[in-house]
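**Q** Sequence isn't available, so here's the structure alone:
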């Protein structure tokens with residue numbers, strides 16, 4: 001067993017980086033209303049990239065258990081300017097699993113991730129590709145230019161989240177960074193080597209290192225429908241990211257315990273002073289109840305934080321596959337079609 005992974009053989013060196021090709025991974029969940037329009041824009045993008053860089057492209061649509069006609073529409077999308085893969089998962093495994101499924105099935109060297117709701121403009125991809133091919137960056141990621149259109153509560157929550165996740169971290173996660181990003185062949189290969197099942201994609205793609213550059217952009221309005229990421233799901237995703245990528249919550253719990261112990265020590269000194277020096281009787285019931293409630297609340301918080309981490313450990317020990325593929329089809333731009341085995345999983 002080696003302690004590291006050598007991906008230097010995937011370095012572009014002096015050859016043309018475009019020879020590796022580009023896979024565009026698009027996780028989709030109930031995106032039937034706008035999928036055909038998005039595919040048309042991706043076909044136009046593929047034509048532009050082929051003319052400018054000689055870059056061969058494919059798109060990998062990962063259907064994460066849609067309940068509408070998303071899968072049926074994806075099956076019929078034309079493979080004209082680019083190859084089309086459709087990977088249908090057996091159920092909804094979540095966006096992180098869908099991203100991993102797309103990465104596993106990408107057949108080209110470089111990989112670009114984007115959402116299927118139209119907020120990640122395909123026209124911006126050309127700029128990301130330029131930073132990879134022309135400037136030699138391995139990770140080109142996007143971030144929201146501003147959050148002025150969001151509520152103060154949400155902006156505060158984002159600040160707290162990034163402050164916690166970057167607290168004491170050697171490799172900081174850029175604030176407001178999103179999943180819309182491009183990975184060079186060696187960066188994509190490095191990401192595939194990470195074995196954990198509780199994944200936080202934004203953190204992992206930053207953790208692998210290499211040359212990275214940030215591109216600020218303004219997300220476009222959703223092409224249709226409303227986002228499925230409500231407050232509850234965003235809170236759950238934040239907890240997942242924190243407990244999967246940092247020990248900051250454990251540090252907060254430890255510091256809270258130290259603070260409480262120090263406060264109890266000072267309180268004990270004050271009682272001792274009043275008894276010995278002032279000769280006053282120490283109040284009993286109110287102070288006892290408040291002290292017990294405070295200590296009990298802090299202990300419950302610490303137990304909850306530890307429980308989150310223990311749950312992650314249990315998940316890793318079980319080593320269940322991250323996803324199951326129920327259907328996988330490939331259509332190439334020259335008209336060939338292939339059907340992949342339905343039993344392929346992330347564990348293979």
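**A** Perfect, thanks for sending it. None of the values given here were measured: they were computed from a predicted structure.
**Q** Going by C-alpha atoms from here, please, whenever you check contacts or count neighbours.
**A** Fine.
**Q** Tell me the buried residues in stretch 96-108?
**A** Buried residues in stretch 96-108, counted by 16 or more other C-alpha atoms under 10 Å: 96, 97, 98, 99, 100, 101, 102, 103, 105, 106, 107, 108.
**Q** and if you look at stretch 107-127?
**A** Going by neighbour count (16+ other C-alpha under 10 Å), the buried part of stretch 107-127 is 107-118, 120-122, 125.
**Q** still on that earlier bit, can you flag which of the buried residues of stretch 96-108 belong to helices?
**A** 96, 97, 98, 99, 100, 101, 102, 103, 105 (DSSP state H).
**Q** Can you name the next helix or strand after the helix or strand containing residue 292?
**A** Assigned by DSSP states H and E, residue 292 belongs to helix 285-318. With elements assigned by DSSP H and E, the helix or strand that comes after helix 285-318 is strand 325-331.
**Q** Report the rounded mean pLDDT for that following strand.
**A** Strand 325-331 carries an average pLDDT of 86.
**Q** Which strands border it, and is each parallel or antiparallel?
**A** Strand pairing for strand 325-331, determined by DSSP bridges: strand 83-89 (antiparallel), strand 337-339 (antiparallel).
**Q** contacts for the longest one?
**A** Read that as strand 83-89. 57-65, 71, 74-75, 77-78, 101-102, 323-333 (C-alpha atoms under 8 Å, 6 or more residues apart in numbering).
**Q** For residue 252, see how far away residue 305 is.
**A** 10 Å (C-alpha to C-alpha, to the nearest Å).
**Q** same thing with residue 74?
**A** Taking C-alpha to C-alpha, one finds residue 74 at 46 Å from residue 252.
**Q** Show me which of the two is the more surrounded one.
**A** Higher neighbour count among residue 74 and residue 252: residue 74, with 23 against 14, using other C-alpha atoms under 10 Å.
**Q** Excluding residues flanking it in the chain, which one is nearest that one?
**A** residue 86 (6.7 Å; C-alpha to C-alpha, 6 or more residues apart in numbering).
**Q** Same question for residue 129.
**A** Of all residues not flanking residue 129 in the chain, residue 182 sits nearest, at 7.5 Å (C-alpha to C-alpha, 6+ apart).
**Q** which residues does the one you found contact?
**A** Counting by C-alpha under 8 Å, 6+ apart, the residues that residue 182 touches are 110, 111, 112, 113, 128, 129, 138, 139, 140, 141.
**Q** One more pass at 6 Å, please.
**A** 111, 112, 139, 140 (C-alpha atoms under 6 Å, 6 or more residues apart in numbering).
**Q** shouldn't the first one be in contact with residue 185?
**A** It refers to residue 111. No: taking C-alpha atoms under 6 Å as the definition, residue 111 is not a contact partner of residue 185, at 7.3 Å.
**Q** how about the helices in this protein?
**A** 35-53, 70-75, 95-105, 125-133, 152-165, 185-192, 201-207, 231-245, 248-273, 285-318.
**Q** Go through these and find the least confident stretch.
**A** Taking the mean pLDDT of the helices of the chain, helix 231-245 comes last: a mean of 61.
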